[in-house]
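S.K.: how would this look folded up:
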Amino acid sequence: MAQVKTSAVPLRLTQYGDDDLMVTLYTRHEGRVSVAAKSARKSRKRFGTSLDLFTELSVMYGQTRNRKGLPVLSESAAERQFPVIRQDVTLAAYAGSWTELLLHATAEGEKSEEIYRLYVSALTLLDSRAYREDILHAWFCIRFLTLSGVGPSISECVQCRKRLPEDARGKVAFRFASGGILCKDCAAGHQDPHYVDLSAIHLLFLLQQRPAFPGELPEEVAGHGAEAGALLYGFVSHHMGLRLKSLEFLRKLANIPQREEGLCRNG
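M.R.: Model prediction:
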């Protein structure tokens, strides 16, 4: 393996032997990779604070001569940090849930510069405190799921393909096991659909189409970010088997009641 130089964000640090760390990175050009940071535990000076979470890095890594073990991290320098996120427990919980998705819902070595840009862009916007956290969270999650090829069907009935009603008033059935919304007729054939405001589905559809975060949203959908995010969490839990610990913590912090549907938790 030749030396690789790329931008990256750290996702997890794990003890690796007595003095080293195994660093899981999501890189701009190589996707998710794990590298060994030699002597990182023994000496803080070796990499400084560049391996801290919520940091965009410039890294260089490559295989050792004997080609055994993990590639070795030879250089790491912080390009951009997000200090506001680190100082706010709520912002850190949102950013932590995005980090968990990259860590557990991407494959080692599967490249996606779009997912990398999405993550860094979301951190930048969150750190600015210029936008609502629940809307940012819904945008990140629906875009991540869409880019990963596992997004829910929210524009038409997942069974009969009838289009989503244009009127944002009322509720619509969403069935996690089916992977999307159901029209009234198809929902009648199931005992377990979850009903959600149409405005939340319209919000998700709008966000799903936007590679760049939309600063302005229609008034009728802008207040449904929390419901949209909770729906996506249930979808992730059901289809990926993931419990995002950062969001669990956020729910407990806010004392938000939870309802169970199989593996799903829908706030």
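S.K.: Arg117: what's its closest spatial neighbour, skipping adjacent residues?
M.R.: Leaving aside its sequence neighbours, Arg117 sits nearest to Arg28 (Cβ to Cβ, 6 or more residues apart in numbering; 7.9 Å). From N, CA and C alone the C-beta is placed, and that goes for glycine too.
S.K.: where do the strands of the chain begin and end?
M.R.: 4-16, 20-27, 31-37, 55-62, 72-81, 171-175, 180-182, 194-197, 259-261, 264-266 (DSSP state E).
S.K.: let me know which of these is tucked in deepest.
M.R.: strand 180-182 (a mean of 24; mean count of other Cβ atoms under 10 Å).
S.K.: for that strand, what is the average pLDDT?
M.R.: Mean per-residue pLDDT for strand 180-182: 95.
S.K.: next one: it to chain centre, how far?
M.R.: 22 Å (Cα atoms, centre = their mean, to the nearest Å).
S.K.: what does stretch 17-33 give?
M.R.: Going by Cα atoms, centre = their mean, where stretch 17-33 is centred and where its chain is centred differ by 18 Å.
S.K.: same thing with stretch 103-115?
M.R.: Its chain's C-alpha centre and that of stretch 103-115 lie 11 Å apart, by Cα atoms, centre = their mean.
S.K.: same thing with stretch 9-25?
M.R.: 20 Å.
S.K.: who's in contact with that stretch?
M.R.: Residues outside stretch 9-25 that contact it (Cβ atoms under 8 Å, 6 or more residues apart in numbering) are 8, 26, 32-42, 51-57, 59, 70, 73, 99, 102-103, 116, 119-120, 123.
S.K.: sorry, back to before: and the residue nearest to Arg117, how many neighbours does it have?
M.R.: Residues contacting Arg28 under the criterion other Cβ atoms under 10 Å number 19.
S.K.: export the strands of the chain to CSV and append columns for distance to Gly225.
M.R.: Shown next, in CSV, are the strands of the chain (distance: least, Cβ to Cβ, whole Å):
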stretch, distance to Gly225
strand 4-16, 24
strand 20-27, 25
strand 31-37, 28
strand 55-62, 25
strand 72-81, 26
strand 171-175, 16
strand 180-182, 18
strand 194-197, 12
strand 259-261, 19
strand 264-266, 15
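S.K.: shaky segments in the stretch 151-267 of the chain?
M.R.: 168, 253-267 (pLDDT under 70).
S.K.: just the helices in it please.
M.R.: 184-187, 198-208, 219-222, 225-240, 245-254 (DSSP state H, counting those that start in this stretch).
S.K.: closest one to Gln81 among the ones you listed?
M.R.: helix 245-254 (18.9 Å; Cβ to Cβ).
S.K.: picking that back up, of all the strands of the chain, which lies closest to Glu108?
M.R.: Evaluated over the strands of the chain, closeness to Glu108 peaks at strand 31-37, with 5.4 Å, by Cβ to Cβ.
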